[in-house]
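A.B. asks: Structural data only, the sequence is not supplied:
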């Protein structure tokens, strides 16, 4: 009995040892597989989310309507990421929100986390754009497209009034800090707000005193802006416009025709002066239908506060300064004197 019991115990121990060895073997294999899986995952992670630090000055533009897929593909095209899906996959893992439009500088970005944070929470670059006084809405649209990546078409659409016309005259020329590739509607709204802020406080009463509407006085200011180069000449030029309107004279301002018809070194042929456009103040009495540009503060002030004078004519001398005349005969003498080589 003792021998049998001892023999039975030995067999049980043997089976236990074998089982433990088998378990250890399986655990070792599982551990090796887990290690291999971890290594493979690390390699995949590195390959997918590794970035090549961008050169100084490298940027990516996020335009209206761009998706994270678009930006991810842009980054791959520049050679920064190893796959066109890199940022998109990381964005999904981090549950990133919506993209903001703008230009993003990538300088100093060393890994995928920093790249993600730049687009998810970073600030886009702003661009400083200066709009010269006297620019038309179309010229303004071209300037923003060239310097701030904002579609000229989008700007013109945003600058359309309820009546279907452009907001000519009401976008104040100034220096604006804007988001690169930002929303044109925001910029138009800012320019309109700036116009309202800069408009002389007595604008409406000044218009009424001339028998004009507020909009018509803006038209006068726009003509002054395009006709006159120097600020000290603007009030007198304004007086000429008001005197001619009061006398039912044609304004005969080249600048109004220039809104629709390019000149030849500032001059028009006799045929061009007969152009039927409503902006041709040689053939149509009164003011043109809209402003012809966006005037600056000096021209707005000149329109609102033009002095009372006896001038009905003026011309620009070769040096840009204006000379004024009360009669046509005096005006003709000025033409002979200053446009034949004088100054």
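C.D. replies: Nice, I can see it. Because the structure is a prediction, the values reported are computed rather than measured.
A.B. asks: rest of the way, CA atoms for contacts and neighbours
C.D. replies: Will do.
A.B. asks: tell me the contacts of residue 98?
C.D. replies: Going by C-alpha atoms under 8 Å, 6 or more residues apart in numbering, residue 98 touches residue 120.
A.B. asks: Helix, strand, or coil at residue 128?
C.D. replies: Of the three states, residue 128 takes strand according to DSSP: H, G, I helix; E, B strand; the rest coil.
A.B. asks: Could you pull up the residues touching the nearest residue to it once chain neighbours are set aside?
C.D. replies: In this structure, residue 128 finds its nearest non-sequential neighbour in residue 177, 4.4 Å apart by C-alpha to C-alpha, 6 or more residues apart in numbering. Residue 177 makes contact with 126-129 under the criterion C-alpha under 8 Å, 6+ apart.
A.B. asks: Recalculate using a threshold of 10 Å.
C.D. replies: Residues near residue 177 by C-alpha atoms under 10 Å, 6 or more residues apart in numbering: 125-130, 148, 187.
A.B. asks: which residues touch residue 321?
C.D. replies: The contact partners of residue 321, by C-alpha under 10 Å, 6+ apart, come to 228-233, 315, 343.
A.B. asks: how about these in a markdown table, adding secondary structure, pLDDT and distance to residue 51?
C.D. replies: Output for these, formatted as a markdown table (DSSP: H, G, I helix; E, B strand; the rest coil; pLDDT from 0 to 100; distance: C-alpha to C-alpha, whole Å):
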| residue | secondary structure | pLDDT | distance to residue 51 |
| --- | --- | --- | --- |
| 228 | coil | 97 | 56 |
| 229 | coil | 96 | 54 |
| 230 | coil | 97 | 56 |
| 231 | helix | 97 | 56 |
| 232 | helix | 97 | 59 |
| 233 | helix | 98 | 61 |
| 315 | strand | 94 | 64 |
| 343 | coil | 50 | 65 |
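A.B. asks: Which of those sits closest to residue 68?
C.D. replies: Checking the contacts of residue 321 against residue 68 with C-alpha to C-alpha, the nearest one is residue 229 at 48.9 Å.
A.B. asks: okay, now that closest one: neighbour count?
C.D. replies: When counting by other C-alpha atoms under 10 Å, one arrives at 15 neighbours for residue 229.
A.B. asks: For the protein, give me the ranges with low pLDDT.
C.D. replies: Along the chain, segments meeting pLDDT under 70 span 1-49, 55, 162-163, 341-343.
A.B. asks: Filter the contacts of residue 177 down to the buried ones, PyMOL style.
C.D. replies: To isolate the buried ones among the contacts of residue 177 in PyMOL, judged by 16 or more other C-alpha atoms under 10 Å, type:
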select buried, resi 125+126+127+129+148+187
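A.B. asks: what would the contacts of residue 177 look like in CSV with distance to residue 253?
C.D. replies: Formatted as CSV, the contacts of residue 177 follow (distance: C-alpha to C-alpha, whole Å):
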residue, distance to residue 253
125, 43
126, 39
127, 36
128, 34
129, 30
130, 27
148, 34
187, 31
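A.B. asks: Determine which two of the contacts of residue 177 are furthest apart.
C.D. replies: The widest separation within the contacts of residue 177, taken as C-alpha to C-alpha, falls between 125 and 130 and amounts to 16.4 Å.
A.B. asks: Assign the residue nearest to residue 128 to helix, strand or coil.
C.D. replies: Assigned state for residue 177: strand (three-state reduction, three-state DSSP).
A.B. asks: I'd like to know which of the contacts of residue 177 is nearest to residue 77.
C.D. replies: The closest of the contacts of residue 177 to residue 77 turns out to be residue 125 (C-alpha to C-alpha; 20.9 Å).
A.B. asks: Mind checking what secondary structure the residue lying closest to that closest one once chain neighbours are set aside has?
C.D. replies: Once flanking residues are discounted, residue 125 sits nearest to residue 103: 5.2 Å by C-alpha to C-alpha, 6+ apart. Per three-state DSSP, the secondary structure class of residue 103 is strand.
A.B. asks: cool, residue 314 as well?
C.D. replies: Under three-state DSSP, residue 314 falls in the strand class.
A.B. asks: Residue 102 against residue 118, yeah?
C.D. replies: No. Using C-alpha atoms under 10 Å, residue 102 and residue 118 do not qualify as a contacting pair, with a distance of 11.7 Å.
A.B. asks: any common contacting residues for those two?
C.D. replies: The contact lists of residue 102 and residue 118 share residue 124, where a contact means C-alpha under 10 Å, 6+ apart.
A.B. asks: out of those two, which sits in the more crowded spot?
C.D. replies: Per other C-alpha under 10 Å, whichever of residue 102 and residue 118 has more neighbours is residue 102, with 26 against 16.
A.B. asks: ok, now which ones touch the more buried one?
C.D. replies: Residue 102 touches 60-64, 119, 123-127, 148-150, 178-183, counting by C-alpha under 10 Å, 6+ apart.
A.B. asks: Bridged to it, which residues?
C.D. replies: Beta bridges link residue 102 to residue 62 when assigned by DSSP bridges.
A.B. asks: Could you measure from it over to residue 113?
C.D. replies: For residue 102, the distance to residue 113 (C-alpha to C-alpha, to the nearest Å) stands at 20 Å.
A.B. asks: ok but residue 54 is inside a helix, no?
C.D. replies: No. Under three-state DSSP, residue 54 sits outside any helix and is assigned coil.
A.B. asks: per the record, what domains does the chain have?
C.D. replies: Listed by automatic domain parsing, the domain ranges of the chain are 59-121, 126-198, 203-338.
A.B. asks: Fine by me, we can end here.
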